[in-house]
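[1] below are the sequence and a predicted model; questions follow.
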Amino acid sequence: MLYGRVVGTIWATRKDEKLEGLSFRIVEKLGFDGAASGSHVVAIDTVSAGVGEIVLVAQGSSARQTAETKDRPVDAVIMAIVDNHELNDAGAPR
Amino acid sequence: MLYGRVVGTIWATRKDEKLEGLSFRIVEKLGFDGAASGSHVVAIDTVSAGVGEIVLVAQGSSARQTAETKDRPVDAVIMAIVDNHELNDAGAPR
Amino acid sequence: MLYGRVVGTIWATRKDEKLEGLSFRIVEKLGFDGAASGSHVVAIDTVSAGVGEIVLVAQGSSARQTAETKDRPVDAVIMAIVDNHELNDAGAPR
Amino acid sequence: MLYGRVVGTIWATRKDEKLEGLSFRIVEKLGFDGAASGSHVVAIDTVSAGVGEIVLVAQGSSARQTAETKDRPVDAVIMAIVDNHELNDAGAPR
Amino acid sequence: MLYGRVVGTIWATRKDEKLEGLSFRIVEKLGFDGAASGSHVVAIDTVSAGVGEIVLVAQGSSARQTAETKDRPVDAVIMAIVDNHELNDAGAPR
């Protein structure tokens, strides 16, 4: 999954009929130090993620495994809002 | 989904028979500041997007989830025409 | 889809039994100005594309949606030979 | 598959209901010399991999082929813990 | 498909039960001039490819279309051993 922050919203009224009712969010990929990457993906929001929240995004066919996105032409979905993370970068290289 | 602008059209008469009737469009990826990226993808148009319009493109197996593209050998589809977007890049890094 | 030119052929006699009868072509990605990218993909040819021809390549599970490639372990297929393309790069950025 | 080291954990309580019970791990891609790449992926752990362990990660729809991840909206899974590897980089180029 | 050379092997005893009996190989991507890329992928070997051999690798869901890999959590498979290739880079750009 991709780790990122919700930074915006997209509106589209002319679209495939299967997309009715879905919300398009702009997610910026983040480093685990919180650094913005400047790289974005547009994803469907199924967990009511607000702008500024840190989220996980599933891509590809996996993006269609939620109740809201099943069989729809979408390739990225926000499926979790991150509470916290812990990075242990200590292990010596093999 | 990929965010981009329709910048051209491709014609192909010798092709897999499942491709009859589909329109091939050239889409250039854009930044959310509207900056052209110089990077392109060829996508099927199912929403009558005209040249110059801003669109969303779904890729991979998700590109085959529209009525027009189901079971066809295509890996990118224009599934929405963008009306507007809002970018709120304010949130402080975690 | 990827836009490229057929630049070569690969022969392989020891292979998965489902690959019998398929032709492996080397395709070089092109810019729409015709510039060679130096980046290549190996794809199955189902449209009798000759060396030098400009083609479209579908990747991933979409590469298995032709009669010849169905259920086979291949992830790229040449599914169209390009006749012509038109690039209208005029639209002002949003 | 991707070769990497488990370097952290992510907690998320607000998430798609199909994600209940799954553990999110942060995996850093490694070179085969053990060099850290600085590039990370978030993956579901189905093999009780601890922080510091070297693992393999399957991505895309293949990430949903374990008993724990079947039909769930996840696109990366840790499916093996690496014991050892051998690199024979001797062969002369063709 | 990806074009590369088998350069090593990975051993893993703690793994998803569906992976029993599969061999993990390290494949280095090659240019068609035989130049090593320094970029590697871990793939399942279903064609008894030895170290040093030039092979083709199918990725994504296509990697699960062999008898050995069907329904298993693997995203790359060596499905052919290359005998030879011919590169005709002569065609003038369109």
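    Perfect, I can see it now.

[2] list the contacts for the closest residue to chain E within chain A?
    Using C-beta to the nearest C-beta, the closest approach of chain A to chain E is made by residue A:61 at 7.6 Å. In this view, the C-beta of every residue, glycine as well, is placed from N, C-alpha and C. Counting by C-beta atoms under 8 Å, 6 or more residues apart in numbering or on different chains, residue A:61 makes contact with B:60-62, C:61, D:60-61, E:61.

[3] try it again at 10 Å.
    By C-beta atoms under 10 Å, 6 or more residues apart in numbering or on different chains, residue A:61 lies in contact with A:75, B:60-62, B:65, C:60-61, D:60-61, D:63-64, D:73, D:75, E:60-61.

[4] repeat for residue A:48
    Here residue A:48 is in contact with A:23, A:78, A:81, D:14 (C-beta under 10 Å, 6+ apart).

[5] quick one: secondary structure of it?
    coil (DSSP: H, G, I helix; E, B strand; the rest coil).

[6] wait, residue A:50 sits on residue A:8?
    No - shown here, residue A:50 and residue A:8 do not form a contact pair, counting by C-beta atoms under 10 Å, at 11.4 Å.

[7] more neighbours: those two, which one.
    residue A:8 (18 against 12; other C-beta atoms under 10 Å in any protein chain shown).

[8] partners of whatever helix or strand the more buried one lives in, with directions?
    Assigned by DSSP states H and E, residue A:8 belongs to strand A:2-11. Sheet pairing of strand A:2-11 (DSSP bridges) gives strand A:24-30 (antiparallel), strand A:54-59 (antiparallel), strand B:84-87 (antiparallel).

[9] and those strands: which comes nearest residue D:31?
    Residue D:31 lies closest to strand A:24-30 among the strands paired with strand A:2-11, at 21.7 Å (C-beta to C-beta).

[10] residue A:4 pairs with what?
    When bridges are taken as DSSP bridges, the partners of residue A:4 come out as residue A:29, residue A:55.

[11] burial count for it?
    Other residues close to residue A:4 by other C-beta under 10 Å number 26.

[12] one more: residue A:73?
    A count of nearby residues for residue A:73, using other C-beta under 10 Å, gives 29.

[13] now it: how far from residue D:30?
    Distance, residue A:73 to residue D:30, by C-beta to C-beta, to the nearest Å: 35 Å.

[14] low-confidence ranges, chain A, go.
    For chain A, the stretches flagged by pLDDT under 70 are A:89-94.

[15] could you rerun that using 50?
    Along chain A, the parts satisfying pLDDT under 50 run over A:91-94.

[16] could you dump the strands paired with strand A:2-11 into CSV and include distance to residue A:36?
    Conversion of the strands paired with strand A:2-11 to CSV gives the following (distance: least, C-beta to C-beta, whole Å):
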stretch, distance to residue A:36
strand A:24-30, 6
strand A:54-59, 12
strand B:84-87, 12
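
[17] most packed of those strands?
    Highest mean neighbour count of these: strand A:54-59, a mean of 26 (counted as mean count of other C-beta atoms under 10 Å in any protein chain shown).

[18] so what strands line up beside the next helix or strand after that one?
    The helix or strand immediately downstream of strand A:54-59 is strand A:76-81, counting by DSSP H and E. Applying DSSP bridges to the sheet, strand A:76-81 is found paired with strand A:36-45 (parallel), strand A:54-59 (antiparallel), strand D:14-15 (antiparallel).

[19] with distance to residue B:41 added, can I get these in a markdown table?
    Formatted as a markdown table, those follow (distance: least, C-beta to C-beta, whole Å):
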| stretch | distance to residue B:41 |
| --- | --- |
| strand A:36-45 | 14 |
| strand A:54-59 | 15 |
| strand D:14-15 | 31 |
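
[20] quick revisit: which two of the contacts of residue A:61 have the greatest separation?
    Pairwise distances across those peak at 19.3 Å for B:65 and D:63 (criterion: C-beta to C-beta).

[21] higher neighbour count, those two?
    Neighbour comparison, residue B:65 and residue D:63: the larger count goes to residue D:63, with 27 against 23 (by other C-beta under 10 Å).

[22] for that one, which non-adjacent residue is spatially closest?
    Nearest residue to residue D:63, sequence neighbours excluded (C-beta to C-beta, 6 or more residues apart in numbering or on different chains): residue D:77, at 4.1 Å.

[23] which residues does that neighbour contact?
    Per C-beta under 10 Å, 6+ apart, neighbours of residue D:77: D:1, D:22, D:25, D:43-47, D:55-59, D:62-66, D:68-69, E:16, E:73, E:75.

[24] residues of the strand holding residue A:8 that come out buried?
    For strand A:2-11, burial by neighbour count (16 or more other C-beta atoms under 10 Å in any protein chain shown) applies to A:2-10.

[25] switch those over to CSV; also include distance to residue C:87.
    Formatted as CSV, those follow (distance: C-beta to C-beta, whole Å):
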residue, distance to residue C:87
A:2, 31
A:3, 36
A:4, 32
A:5, 35
A:6, 34
A:7, 31
A:8, 29
A:9, 31
A:10, 25
